[in-house]
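In: Predicted model and sequence follow; I will ask about them next.
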Amino acid sequence: MAASWRNLARILPQLVRSKFVPYRKCPSLDLRFASSQASSFSSDEGDKTHFGFEDVSKEEKTRKVHEVFTNVADKYDMMNDAMSMGIHRIWKDYFIQKLSPTQGTKLLDVAGGTGDIAFRFLDYMKYQDSLQLSWNIPSRMKSPEGWPRSPSEIEEESPTEEEDSHVTVCDINRSMLEVGQKRAAQRGLFEGIDWVEGNAEELPFESDSMDVYTIAFGIRNVTRVQKALDEAYRVLKPGGRFMCLEFSEVQNPVIKSAYDLYSFQVIPALGQILAGDWNSYQYLVESIRKFPSQEEFAYMIEEAGFACVTVENLTGGIAAIHSGFKL
């Protein structure tokens, strides 16, 4: 739990000073509209939902989404490159920098089967450890008076060793997890990471057990989004942080026109050419358009119980980072 509160204490001043603003203070936001639209999207009442632009039963959506990601698992990273024109790599790097985890953080990455966020998290922690080591060694070699210290003196003043950072990747699709595990083996990553097959709507983890919950480009594929948000809140420790990176509603009209043209005319065609799969890519494009706006989704996050909810648009709103804390 210490890592959760350390993360929160360090992040809160940034929230106050940052250029992005809490969604409730956005001048263009109509809260009544946002809440009504979000409620219509997140409602668990009735059996119908959407699969892209198609109305289907909730059970059918779960099955269809599973089929999509089974089909595209081997090409998933290429798919993200196609959908974002490669910019998703920059977004994910920034996502982890914005998270800025501390030593000992227990991260749960949901719908992260291929490991993109998990690997970045581990790389970030390794880099931070190396920085800490380089800063500490020279300063500890000398006493306050400037005299050299003996190895025994340095060992006696060594800080208490903290629990190592750890990431758990949870995904409902075994094919996606297998791709991630192969990538981890290629990188020589066998420690500090676990792979768990599980549903975002019914996470197989204890309550109050995680410091951070992340989900990148996955929440829009969940059948019952509000239930997944409730689960995120449940598994986080008090002081824990929720962070979501997702394609969103483009704010700039010029960018929107170009992006719509690229999305509907180019991406499915690329899917057919590169992966022999038009329909899966067509669904992924449509799923972006059916997902709630930044304000609507922020309202849903707050409805799950999160506080200090913020939204930051990336690349004109093509993607957005949503953040909240369990207080």
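Out: That came in fine, so what should we check first?
In: Return the helix or strand in the chain with minimum mean pLDDT.
Out: None of the helices or strands of the chain scores lower by mean pLDDT, DSSP states H and E than helix 31-42, at a mean of 50.
In: So what pairs up with the residue nearest the centre of the chain in the strands?
Out: Per CA atoms, centre = their mean, the C-alpha nearest to the average position across the chain is that of residue 215, at 2.9 Å. For residue 215, the beta-bridge partners are residue 110, residue 244 (DSSP bridges).
In: Contact partners for it?
Out: Each residue near residue 215 by CB atoms under 8 Å, 6 or more residues apart in numbering is listed here: 109, 110, 111, 112, 200, 228, 232, 243, 244, 245, 246. Where C-beta positions appear, they are placed from N, C-alpha and C, glycine not excepted.
In: contacting residues for the third one?
Out: With contacts defined as CB under 8 Å, 6+ apart, residue 111 is in contact with 170, 171, 172, 200, 215, 216, 217, 218, 219, 221, 222.
In: The same query, at a cut-off of 7 Å, please.
Out: By CB atoms under 7 Å, 6 or more residues apart in numbering, the contact set of residue 111 is 171, 200, 215, 218.
In: Please tell me the pLDDT value assigned to the nearest residue to it once chain neighbours are set aside.
Out: Counting by CB to CB, 6 or more residues apart in numbering, residue 111 lies nearest to residue 218, which is 2.6 Å off, once chain neighbours are set aside. At residue 218, the predicted lDDT confidence score is 94.
In: Could you report the neighbour count for residue 218?
Out: By other CB atoms under 10 Å, the residues close to residue 218 number 23.
In: still on that earlier bit, can you add secondary structure and distance to residue 55 and give the contacts of residue 111 back as JSON lines?
Out: Compiled in JSON lines, these are given as follows (DSSP: H, G, I helix; E, B strand; the rest coil; distance: CB to CB, whole Å):
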{"residue": "171", "secondary structure": "strand", "distance to residue 55": "26"}
{"residue": "200", "secondary structure": "coil", "distance to residue 55": "22"}
{"residue": "215", "secondary structure": "strand", "distance to residue 55": "25"}
{"residue": "218", "secondary structure": "coil", "distance to residue 55": "22"}
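In: Doesn't residue 323 belong to a helix?
Out: No - using DSSP: H, G, I helix; E, B strand; the rest coil, the assignment for residue 323 is strand, not a helix.
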